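In: sequence first, then the predicted structure, then my questions.
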Amino acid sequence: MIKNMPIAAVIGLFFTALYFLMAIFAPLIAPYGMAEVVGGVWEPPSPEHLIGTDNIGRDLLTRMIYGGRTTIFIATAATILSFTTGSVLGFLAAVVGGWVDQAMSRFVDLLMSIPSLIFALVVLSVTPVTIPVLIVVMGLLDSTRVYRLARAVAVDINVMDYVEAAKLRGEGRAWIIFREILPNALSPLVAEMGLRFIFMVLFVSTLSFLGLGVQPPAADWGGIVKENKDGIVYGIGAALWPAVAIATLAISVNLVADWVLNRTTSLKGGRG
């Protein structure tokens, strides 16, 4: 498969895999402890600190590695939650139809009418800001977008001949959803998953920058930008490193997602 991939997709896959591997093995490759003060404030790059130190003298590379681990973990968990919730409910609405479909769809429309960032800020301002809470809030808010996609795809698949045949055989709704619709809706959902993952990375980084995301001394890329933003005034680029990391990860995942989208030209005609 890799041999047939365009060079852009290969580059995207390489950097995406690199970021995930760094996140998984962060304790093994980080040169210092995550919150360990090892130098002066905003020291320039040196052999001891390859990209310098941060606003209180912690090794910036170490903070970046651990910050990437936190950011990617939260984004991945929230994406999985949003796709699990949104897909199952979207498929269920399409299969059941009638007033159930209308009630669920109008409720989702109501939630989508409120900007996600404002909704999250309101919720997080009255709840403890912990990583599990962040994952649940982000995942459930984003599941509304996944619901709309899953329902739209499932409505088209639900009228296919092989689905009608399964209904005539007396198969239950669970069978229809997980054995007939899900396999044929998987390709567009997987393609969309890459885009939603990047949205989650940007979402958690924005929340941390605003002070309602990952709390110090834990590190994430948005929080590192916030901690070091004052250095930009003095020509210190510590805040730019996490911004570059976010942009690189976003571009890499989008390159892979675009390749998946190009391979997904239409829905499958059956389970094969």
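Out: Nice, thanks for sending it over.
In: for Arg69, grab phi and psi.
Out: phi -60, psi -50 (degrees, to the nearest 10).
In: do Val37 as well
Out: According to degrees, to the nearest 10, Val37 has phi -80, psi 120.
In: check Gly57 too.
Out: Torsion angles, degrees, to the nearest 10, at Gly57: phi 90, psi 20.
In: run a quick neighbour tally on it.
Out: Residues near Gly57, counting by other C-beta atoms under 10 Å, number 15. Yep, even glycine has a C-beta here, placed from its N, CA and C like the rest.
In: now it: how far from Glu43?
Out: 7 Å (C-beta to C-beta, to the nearest Å).
In: contacting residues for Ile56?
Out: By C-beta atoms under 8 Å, 6 or more residues apart in numbering, the residues touching Ile56 are 37, 41.
In: is it in a helix, a strand, or coil?
Out: coil (DSSP: H, G, I helix; E, B strand; the rest coil).
In: which stretches of the stretch 1-150 of the chain have low pLDDT?
Out: 1-3 (pLDDT under 70).
In: give me that answer again for 80
Out: Scanning the stretch 1-150 of the chain for pLDDT under 80 picks out the ranges 1-5.
In: how are the helices of it distributed by residue range?
Out: 7-24, 26-29, 60-96, 98-112, 116-125, 131-157 (DSSP state H, counting those that start in this stretch).
In: show me which residues of the helix or strand where Val256 lies are buried.
Out: Assigned by DSSP states H and E, Val256 belongs to helix 240-263. Buried residues in helix 240-263, counting neighbours by 16 or more other C-beta atoms under 10 Å, are found at 241-242, 245-246, 249-250, 252-261.
In: stretch 54-68 too?
Out: Quick answer for stretch 54-68 (16+ other C-beta under 10 Å): 54-55, 58-68.
In: widest-spaced pair of those residues?
Out: Asn55 and Gly68 (18.6 Å; C-beta to C-beta).
In: tell me what the helix holding Val256 is packed against?
Out: helix 7-24, helix 60-96, helix 182-209, helix 221-228 (3 or more C-beta pairs under 8 Å, 6 or more residues apart in numbering; DSSP states H and E).
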